[in-house]
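Peer 1: Sharing a model that was predicted from the sequence below.
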Amino acid sequence: MKGTLTNAGVRKLRPKGRTYEVTCSRLPGFVVRVLPSGRKVFLVRHMVDGRDTRVRIGPWSEVLTADEARQQALAILNGTAPPKGESAPVIRGPGRRAGRKSAPAPRDAPKDSPRTGERLGSEPSQSGDGTTIRELCERYEREFMPAYLKKSTATNYRRLIRDHIIPTFGDRHFESVRRRDAKALHTRLSDRPGLADYVLCVLGSLYTRIIDDWELSEMRNPTAGIRRFGSRKVERFLTPEERRRVHEVFESALNIPRGRPGHVEPFSVWAIKLLMLTGLRRDEILTLTWPMVDWQHACFNLPDTKTGQRSVLVSDEVLALLREIQEGTGHPSQGLVVRGRRGTKLTALNLTWARIRDEAGIPDVRLHDLRHSFASDALMAGVPLAIVGEMLGHKQPNTTKRYAHLANNVVRAALVTATARIVSATEDRPSESKRKAPKKPDFRRLSDRQWAQIGPLVDATRPRGGSPVDLRGVVDGIRWKIQRDARWRDLPEHFGTPTTCWRWHKRWSESGVWRQVLEKIDR
């Protein structure tokens, strides 16, 4: 819009994806800022001591019209005090940028014109009026945390505020913190990327309250647009063979008398089994009580989870395990399902699992990986990705996308089956009397030349310290299974165990190694 800022002109201004400003041609320095939310705020923009400074007049409304705001802007630019009862705090908007000229102040405006608020980039406010980061952090902890954060999350937020945000910004005026300041803090913690992202998250949440909830400023959130480091996605899935070994450790540990080395309490075993069979989070199992178990509808009614209240359907195997727990504990109807010796919440489950996984020979499997394994098994059984997200209680679809590569394997298998059926239906088929069963092609094992081409490739995938495996036989076993369209359990013994061949095929398929192997063999 060009020309004089009028009510009609301001009304026609439409919000965009980011904040923008329009300057009045009649009074240079009189500006209206349009926010993405549609809110419109009148400002005065002029140069003070060589700095591009914005003074906030107020939001456009029936009370503060364009004409009224222009009168106040003229008073500020001329160096006279604003009308009685009005305040004009400074808006510390973006500074001068390359290729962008600042609106000049009127020639008669004195350089030392009085103004309220502080200059762009000024030192922290010490007025005690609640405008420092320290004071707003106290308000954040007092008003926001108890109402909207879980107790454990609030504890983490307080720790990050105390250890990182207040020591860095505590005595500064909240509007003096810019994007470059937040980015500097984020970069300083780059050696601990998870912590750095968490601190940035808390700082961003604080400024969301300041800008959106408390409406203390029209500034931009200083954490907006800062690229997070991102945490490393650790995915580890239990194989059928590893599940069997864990079960054997369970049976052995329960038979050891209490007080002897290697003994594991039944409640710990039951808790881990529930984690395996439900895919729930650790605390969701440790805080599960008997009244939450709906036997009639085969579900858990969880009142408070990471994603809020939810009802979790469970299988017959889970219900059978719950009956086993009841029979072993005197058929309770109240209290925790799995508990410590005094009936309190079970503790040290991570330490118990560490002992079990070492005995089972899987030291790299975390307790949370049981949840990943539950999702993996569901997807390999053909369950759609969206349904797996519902089973795991994911609030955002993006959270479930980490398992998308597993779902692709299921989709590809279904695609092969569907296309084969379509092609077979369109081909000319001989009469029933002349139809003969197709002869399966003879299987040829890898030649020495072929193995020389793929041997270094597959040997590079061996884990350090792992048991020796005849990978040449494994490759032949996988090829035999695929060529014959056979089941893994029908694999001849001279290729290796079906579990070993299945595990290596799964690993190579997910990493793309198997595609490279086939390309080298077919040359």
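Peer 2: Structure's in. What do you need?
Peer 1: The chain: strands as residue ranges?
Peer 2: Taking DSSP state E as the test, the strands found in the chain are 20-23, 30-34, 40-48, 51-59, 90-91, 293-294, 299-305, 308-313.
Peer 1: quick one, which of the ones you listed is packed in tightest?
Peer 2: Compared across the strands of the chain, strand 30-34 shows the largest average neighbour count, a mean of 24 (mean count of other C-beta atoms under 10 Å). From N, CA and C alone the C-beta is placed, and that goes for glycine too.
Peer 1: quick check, distance from it to the centre of its chain.
Peer 2: 37 Å (C-alpha atoms, centre = their mean, to the nearest Å).
Peer 1: Which other helices and strands does that strand contact?
Peer 2: strand 20-23, strand 40-48, helix 66-77 (3 or more C-beta pairs under 8 Å, 6 or more residues apart in numbering; DSSP states H and E).
Peer 1: looking at those, which is closest to Pro468?
Peer 2: Proximity to Pro468 (C-beta to C-beta) singles out strand 20-23 among those, at 66.5 Å.
Peer 1: Paired strands for that closest one, with orientation please.
Peer 2: Using DSSP bridges, the strands paired with strand 20-23 are strand 30-34 (antiparallel).
Peer 1: Return the distance of Leu302 relative to Arg355.
Peer 2: Leu302 is 28 Å from Arg355, where distance means C-beta to C-beta, to the nearest Å.
Peer 1: repeat for Pro456
Peer 2: Separation of Pro456 from Arg355 (C-beta to C-beta) stands at 38 Å.
Peer 1: These two: which is more packed in?
Peer 2: Arg355 (15 against 8; other C-beta atoms under 10 Å).
Peer 1: burial count for Glu327?
Peer 2: So Glu327, with other C-beta under 10 Å, has 9 neighbours.
Peer 1: What does the pLDDT read for it?
Peer 2: Listed pLDDT for Glu327 reads 93.
Peer 1: Just give me the neighbour total for the residue nearest to Ile165 when sequence neighbours are not counted.
Peer 2: Once flanking residues are discounted, Ile165 sits nearest to Leu203: 5.8 Å by C-beta to C-beta, 6 or more residues apart in numbering. Residues near Leu203, counting by other C-beta under 10 Å, number 27.
Peer 1: Surely Leu203 is in contact with Thr223, unless I've mixed up the numbering?
Peer 2: Yes: Leu203 is within contact range of Thr223, at 5.5 Å (criterion: C-beta atoms under 8 Å).
Peer 1: so what's in contact with these two at the same time?
Peer 2: Contact criterion C-beta atoms under 8 Å, 6 or more residues apart in numbering; residues shared by Leu203 and Thr223: Ala182.
Peer 1: which residue ranges form the helices in the stretch 301-450 of the chain?
Peer 2: 316-328, 349-359, 369-380, 385-392, 397-400, 404-426, 448-459 (DSSP state H, counting those that start in this stretch).
Peer 1: One more: the stretch 101-250 of the chain?
Peer 2: Listed in chain order, the helices of the stretch 101-250 of the chain (DSSP H, counting those that start in this stretch) span 133-139, 145-148, 151-160, 166-169, 179-188, 193-208, 240-254.
Peer 1: Could you export those as JSON lines, including mean pLDDT?
Peer 2: JSON lines is the format used below for these (pLDDT from 0 to 100):
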{"stretch": "helix 133-139", "mean pLDDT": "94"}
{"stretch": "helix 145-148", "mean pLDDT": "90"}
{"stretch": "helix 151-160", "mean pLDDT": "92"}
{"stretch": "helix 166-169", "mean pLDDT": "94"}
{"stretch": "helix 179-188", "mean pLDDT": "95"}
{"stretch": "helix 193-208", "mean pLDDT": "94"}
{"stretch": "helix 240-254", "mean pLDDT": "92"}
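Peer 1: Mind checking the ones you listed for the one nearest to Glu519?
Peer 2: Closest to Glu519 of the helices of the stretch 101-250 of the chain is helix 240-254 (C-beta to C-beta; 29.1 Å).
Peer 1: tell me what the closest one is packed against?
Peer 2: Using 3+ C-beta pairs under 8 Å, 6+ apart as the contact test, the elements touching helix 240-254 are helix 266-278, helix 349-359, helix 498-511.
Peer 1: so where's this protein shaky on pLDDT?
Peer 2: 1-2, 80-130, 231-235, 404-414, 426-441, 464-467, 523 (pLDDT under 70).
Peer 1: Can you redo the helices of the stretch 101-250 of the chain as TSV, where the extra columns are distance to Asp470?
Peer 2: Below are these laid out as TSV (distance: least, C-beta to C-beta, whole Å):
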stretch	distance to Asp470
helix 133-139	62
helix 145-148	58
helix 151-160	49
helix 166-169	58
helix 179-188	49
helix 193-208	40
helix 240-254	17
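Peer 1: so who does the residue nearest to Ile165 touch?
Peer 2: By C-beta under 8 Å, 6+ apart, the neighbours of Leu203 are 165, 182, 185, 222-223.
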